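**Q** could you look at this predicted model? Sequence included:
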Amino acid sequence: MTITTLDSLSAKPLLDWYDRHHRDLPWRVSPGMAARGVKPDPYRVWLSEVMLQQTTVQAVKPYFAKFLERWPEVTDLAAAENDEVMAAWAGLGYYARARNLKKCAEAVAKDHRGVFPDTETGLKSLPGIGDYTAAAVAAIAFNRQAAVMDGNVERVISRLYAIEAPLPGAKPVMKDKVTLLTPANRPGDFAQAMMDLGATICTPKRPACSLCPFRGSCQALKLCDPELFPVKTAKKEKPVRQGAAFIAVTGDGEILLRRRAESGLLGGMTEVPTTAWTARLDGETSVTAAPFAAAWQACGTVIHVFTHFELRLSIWRAAIVQKLEADDGWWEPVTNLEAQALPTVMKKAIAAAIPLAFKTSRA
DNA sequence: CACCCGTGGCC
DNA sequence: TGGCCAAGGGT
C-alpha cells in the first residue's frame, strides 16, 4: 500500500512552485537567470539578509538600492566613514545591525582579502551574522546545504508538522525538521522558496492553503486549523517611559544636536538634547530640565513605541538669540538634517517643533 | 535563557 | 485602534 506520510515529504513540489511563483527581488538571482549561469553576489546577499533581519521587504528596498549605489563592493563599505553609514541606515531601525555591518565589512576586507567566507561556520564568526544569516548566505550565495530557519520557516514547519510546543522553546525541534527537508540540490532556492511561501501563502492570518504546494501533506490543515500555529509563549506587556526633548534653533536656522552613546538604545545615533527617559511618569518633563535657560515653548507630546517600551516625549522649542558653545553637542543647519543619523523618534520630535524640517514630515 | 534592540504596515 | 508581525543578533 502507498501511504503518504510526513517521512516522504519532499522539497520537489516546493521548488516547482518556486520556479513559477517566486518573488522578483533586487538582491535575488531568479531560477531562470541561475539556469543561464548567473551567480549571486555574496556581498549583495549578505547586505540584503542583514537589512531584512526583522524588517519588511518593502522597507528594505530603498535602503538596499542606496547602499549598493554608494558602496558597490564590500571593500567600499569597509572604507566608508562610520557616520556616513549610520546616516544612510537612519530610519531602518535596530542600529546595532549597522554598526556590525560596518565591522563585518572591515573584517572581510582586512582578514579575508575582501572575499566572504563560503561556509556556515566561517560566516557565523563575523559580526552581525548569527544562525539564520550564516545559513542563508551559505545556501543562497554558495549553494551550501545549510538549514535556513527564520520566522517564515518556523511558521511553515510548525504547520506542516502541527507542532504544539510553543516558540521559542520549540526552535531546535523545528530546526531538525528543516535540516531533514533541505535538499542537496538547490538548497538556496529551497530556503528562499520556504520564505516566499511563508510570506505569500502560508501567512500568519488567513493562509491561502488551496494554493500551497504542501497542501496534501500539511498536518495542521488535515487535523485542525493552520492559523493556530505556531504556538508562542505569552509576551509581557510594554511599560511606559517619559521624558522631554529640547529643540533649540538660532536665528541663522541652526539646531542643537548631540551624539548618543555608542552602545544601547539608538547607540551611536544623533539626537536633540533630552532628559533621561524614566519609568516615572512624574519625572522631569518640563523646562526645568532644559540644557540651558531660554524662552522654551511647549510643542505638545510625541509618542513613540519601541520594541520593549512606549516613550512619551514632551517637546519644547526655543529661539536662541545668543548661540552658546555647547560642550557636548554641535549646531547643525536645519537644512542639513536629512544628512544626519537621526532615528525616527528624533525626526518626530524635531518635526513637532519645526513642522517643515523634513520633506516627508508625516511624523 | 531572558532580555535588549526600531520601525512601519496591517487588519 | 492597538496588538501583531517582519529574511534576528548580541549579551
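**A** All right, it came through fine. Values in this document were obtained by computation on a predicted structure and should not be read as measured data.

**Q** quick one: contacts for the residue in chain A that DNA strand C sits nearest to?
**A** The minimum distance from chain A to DNA strand C, using CB to the nearest atom of the strand, falls at residue A:130 (2.7 Å). Heads up, the C-betas are built off the backbone N, CA and C, glycines and all. Shown in contact with residue A:130 (CB atoms under 8 Å, 6 or more residues apart in numbering): residue A:124.

**Q** for the stretch 101-250 of chain A, what lies in contact range of DNA strand B?
**A** A:168, A:169, A:205, A:236 (CB under 7 Å from any atom of the strand).

**Q** which among the residues you listed end up buried?
**A** Neighbour counting by 16 or more other CB atoms under 10 Å classes none of those as buried.

**Q** so which of those residues is the closest to residue A:331?
**A** Nearest to residue A:331 out of these is residue A:236 (CB to CB; 41.5 Å).

**Q** next one: the closest one from residue A:308, what distance?
**A** 9 Å (CB to CB, to the nearest Å).

**Q** before we move on, what about residue A:79?
**A** Taking CB to CB as the measure, residue A:79 falls 35 Å from residue A:308.

**Q** again with residue A:158
**A** 25 Å.

**Q** between those two, which is the more surrounded one?
**A** Per other CB atoms under 10 Å, whichever of residue A:158 and residue A:308 has more neighbours is residue A:158, with 27 against 11.

**Q** leaving out the residues flanking it, which one is nearest to that one?
**A** Among residues not flanking residue A:158 along the chain, residue A:230 sits closest, at 3.6 Å (CB to CB, 6 or more residues apart in numbering).

**Q** so who does the residue of chain A found nearest DNA strand B touch?
**A** Distance from DNA strand B to each residue of chain A (CB to the nearest atom of the strand) is smallest for residue A:93, at 2.6 Å. By CB under 8 Å, 6+ apart, the residues touching residue A:93 are A:54, A:55, A:343, A:344.

**Q** what number of residues are in the vicinity of the closest residue to the first one other than its chain neighbours?
**A** Computed as CB to CB, 6+ apart, the closest residue to residue A:54 that is not its neighbour in sequence is residue A:94, at 6.4 Å. The number of residues packed near residue A:94 is 14, by other CB under 10 Å.

**Q** hang on, isn't residue A:94 packed against residue A:52?
**A** No: Residue A:94 lies out of contact with residue A:52 (CB atoms under 8 Å); the separation is 11.2 Å.
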